[in-house]
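# Okay, predicted coordinates and the sequence, questions at the end:
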Amino acid sequence: MSDIRVRFAPSPTGKVHIGNIRAAIYNWLYARHTGGKFLLRVEDTDLERSTPEAIQVRCDCMKWLGLDYDEDVFYQSRNVKRHLEVVDQLLASGHAYKVERTSRDGKTGIVTMFKMPKDGTIAFDDIVKGHMAKKAEDIQDFAIVRSDGSPIFHIANVVDDIDQKVTHIIRGDDHVENTFKHICIFQALGAPVPKYGHLSMIVNQQGKPYSKRDGAAFVGEYRDQGYLPEALFNYLLLLGWNPGGDREVLTREEMIRLFELEKVHVTAAMFDPKKLQWMNGEYIRRATKETYRANFEAQVKAAGFDLGIFAALKSGLQELLLDQLQIRTKFWNDIPAMVAPFFTDDYPMDEKAVAKRLRKPGVKEILLDLADRFEKLEPFTTAAGEAMVKELSQGQGMGPWVHPIRVAVSGRGEGIGLFEMCEILGKEKTVARLRRAAATL
RNA sequence: GGUCCCAUCGUCUAUCGGUUAGGACACGGGCUUUUCAUGCCUGUAAGAGGAGUUCGACUCUCCUUGGGACUGCCA
């Protein structure tokens, strides 16, 4: 255990951006690595945009990624009284003053301003960016209470960090300017200044901040597209940090053991969907058979197929199908399309594959001949099927037989091993589908 | 405009003064092969530019160039 306390302090005003969740990941890892506490604070002072639904979405995303937090959730809106008490303190000590101002949108009213020191340098040693310094004169006084009496981010944020005894603030790099201001508030209050670590942004191919226009920008979208939380977590972690050496795919335990905030990169990182996709496939291939099976069953059920059909297969064939599918699965929700032929006779026929492999002279005869041969095949196994076609091809390549069979029995040009597919389907279905396809030619 | 920050293959990165500048994704080729994949082997590809410090600079310093952040009664 240590005294380290970090927090993830999102304002729940929409979906969870990947840059945002990466900050949560780094905070979480830092806490777990150091044996400190990871706190969740909901900055819901903007009540119009902060809905219970938005808060729930955030919690769901965190749970999905395995980001568990310590202690109770801290709601900023419940601490408003304290924020204003502290402002009074600041007013009394001469660190703040009231003034009439006109806002951008033309509202005029009395706001409370924090008074910045007029000279000297404000400096701090950022854990990731190094020494940061700024002349006090370069920072103007800033508002901390609106004309309607509500506290503004700067004061609320600092007071909450004091109240939650936060020791390390790890957040987006868009906050560095605020940090100089916040340090002055901590000092005016006589409170210890926490350590800071500012994270670079995730950018798009143009080097601009990654937004929804660049593709999936929100955590929920990755979940819906069939990404594994472990893969997204791993990928996002690597976008700005690595353990050194060649390791890239890490277990959660390794991440916790190896993570060092000091080694987080200062430069912005470009988001590469291709690499994330690769990593997702990597995680699926490395998944245990139990995990794969569970997701397979969930996908099959969600697609409306009858799992009983799968359950009725001999256990050896179940394993065979699962093994064959696993190395070919890029996303969980690719599964329904891949397995449709096993659950229904009404699977879609890929027109391109049909044109290329079936609508050719002589194919009809080949299919009918194969149907007869398969019908007589005993036992109806992968090895027997392959041996039979091999003999037919006389060492000239099995293409002319194999391709039409695949399209006829599955409607697709690609998929699991052909003879494995036939064995799993069984003799009856295989033969029937061959004849059915021949009849359409 | 002002203030602050950054700069190695197309991308993510290793290197903490001495390396044939390494790995991964992507891309190309090959092997395995009935398709699609997987797996294995392999190729192309990088220190922005210029000064300095040093026996020696990707690494340290400065300048230039290029990029980014911030500059709200948003957070």
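Thanks, I have the structure now.

# residues in contact with stretch A:207-226?
Stretch A:207-226 is contacted by residues A:15-19, A:21, A:57, A:60-61, A:64-65, A:201-205, A:229, A:232, A:268, A:270-271, A:273, A:280, A:331-334 when judged by CB atoms under 8 Å, 6 or more residues apart in numbering. Bear in mind the C-beta positions are built from the backbone N, C-alpha and C, glycine included.

# Any of those residues buried? List them.
Burial by neighbour count, 16 or more other CB atoms under 10 Å: within the contacts of stretch A:207-226 this picks out A:15-19, A:21, A:57, A:61, A:64-65, A:201-203, A:229, A:232, A:268, A:271, A:280, A:331-334.

# Which ones among the residues you listed lie within strands?
A:Ile202, A:Val203 (DSSP state E).

# what helix or strand does A:Glu177 sit in?
Taking DSSP states H and E as the criterion, the element that holds A:Glu177 is helix A:176-188.

# which element follows that helix toward the C-terminus?
Using DSSP H and E, the next helix or strand after helix A:176-188 towards the C-terminus is strand A:195-199.

# what ranges do the strands span in the stretch 1-150 of chain A?
Chain-ordered strands for the stretch 1-150 of chain A, with DSSP state E, counting those that start in this stretch as the definition, fall at A:5-8, A:37-42, A:74-75, A:96-102, A:108-114, A:121-126, A:130-135, A:142-145.

# wait, isn't A:Phe321 in contact with A:Cys422?
Just so we're on the same page, residue A:321 is Leu rather than Phe. No: distance between A:Leu321 and A:Cys422: 12.0 Å, which falls outside the contact criterion (CB atoms under 8 Å).

# Those two: which is more packed in?
Under the criterion of other CB atoms under 10 Å, the comparison of A:Leu321 against A:Cys422 puts A:Cys422 first, with 27 against 21.

# Enumerate the residues of the stretch 151-300 of chain A near RNA strand B.
For the stretch 151-300 of chain A, the residues in contact with RNA strand B (CB under 7 Å from any atom of the strand) are A:152-154, A:157, A:173-178, A:201, A:207-209, A:238-240, A:242, A:244-246, A:248, A:263, A:265-270, A:272, A:274-275, A:277-278, A:281-282, A:285.

# Would you show me how to pick out the buried ones of these in ChimeraX?
What follows is the ChimeraX syntax for the buried subset of these, where burial is set by 16+ other CB under 10 Å:
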select /A:152,153,154,157,173,175,176,201,209,238,239,240,242,268,269,277,281
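
# Where strands are concerned, which of the residues of the stretch 151-300 of chain A next to RNA strand B count?
The subset of those located in strands under the criterion DSSP E comprises A:Ala269, A:Met270.

# where's A:Thr45 relative to A:Ser150, distance?
Per CB to CB, to the nearest Å, A:Thr45 is found 7 Å from A:Ser150.

# Spatially nearest residue to A:Thr344 (excluding sequence neighbours)?
Once its chain neighbours are removed from consideration, A:Thr344 has its nearest residue in A:Phe305; the separation is 6.9 Å (CB to CB, 6 or more residues apart in numbering).

# which SS state does that neighbour fall under?
For A:Phe305, the secondary-structure state derived from DSSP: H, G, I helix; E, B strand; the rest coil is coil.

# how close does it sit to RNA strand B?
Remark: distance between A:Phe305 and RNA strand B (CB to the nearest atom of the strand, to the nearest Å) = 20 Å.

# A:Asp119 too?
Spatial separation of A:Asp119 from RNA strand B under the definition CB to the nearest atom of the strand is 15 Å.

# and that residue, how many neighbours?
The local packing count at A:Asp119 equals 7, with neighbours defined by other CB under 10 Å.

# confidence score at it?
In this model, A:Asp119 is scored at 87, pLDDT.

# My understanding was that it contacts A:Ile139; is that so?
No: with contacts defined as CB under 8 Å, A:Asp119 does not count as touching A:Ile139, sitting 11.6 Å away.

# Show the end-to-end separation of stretch A:87-103, please.
Between the opening and closing residues of stretch A:87-103 lies a distance of 20 Å (CA to CA, to the nearest Å).

# That one - what's its average pLDDT?
The average pLDDT for stretch A:87-103 rounds to 94.

# what does it rub up against?
Stretch A:87-103 is touched from outside by A:108-115, A:143-145, A:147, A:151, A:155, A:185, A:188-189, with contacts defined as CB under 8 Å, 6+ apart.

# same thing but 7 Å
Stretch A:87-103 is contacted by residues A:108-115, A:144-145, A:151, A:155, A:188 when judged by CB atoms under 7 Å, 6 or more residues apart in numbering.

# need the contact list for A:Trp332.
Taking CB under 7 Å, 6+ apart as the definition of contact, the neighbours of A:Trp332 are A:Gly226, A:Asn295, A:Gln299.

# Looks like A:Leu370 contacts A:Ala408 (just checking).
No: at 8.7 Å, A:Leu370 does not count as touching A:Ala408 under the criterion of CB atoms under 7 Å.

# Could I get the pLDDT score of the closest residue to A:Met201 other than its chain neighbours?
Among residues not flanking A:Met201 along the chain, A:Ala268 sits closest, at 4.9 Å (CB to CB, 6+ apart). Here the pLDDT value assigned to A:Ala268 is 93.

# Quick check: phi and psi on A:Ala268?
Here is the backbone geometry of A:Ala268 (degrees, to the nearest 10): phi -70, psi 150.

# Might you report the residue contacts of it?
With contacts taken as CB under 7 Å, 6+ apart, A:Ala268 has the following neighbours: A:Ser200, A:Met201, A:Val203.
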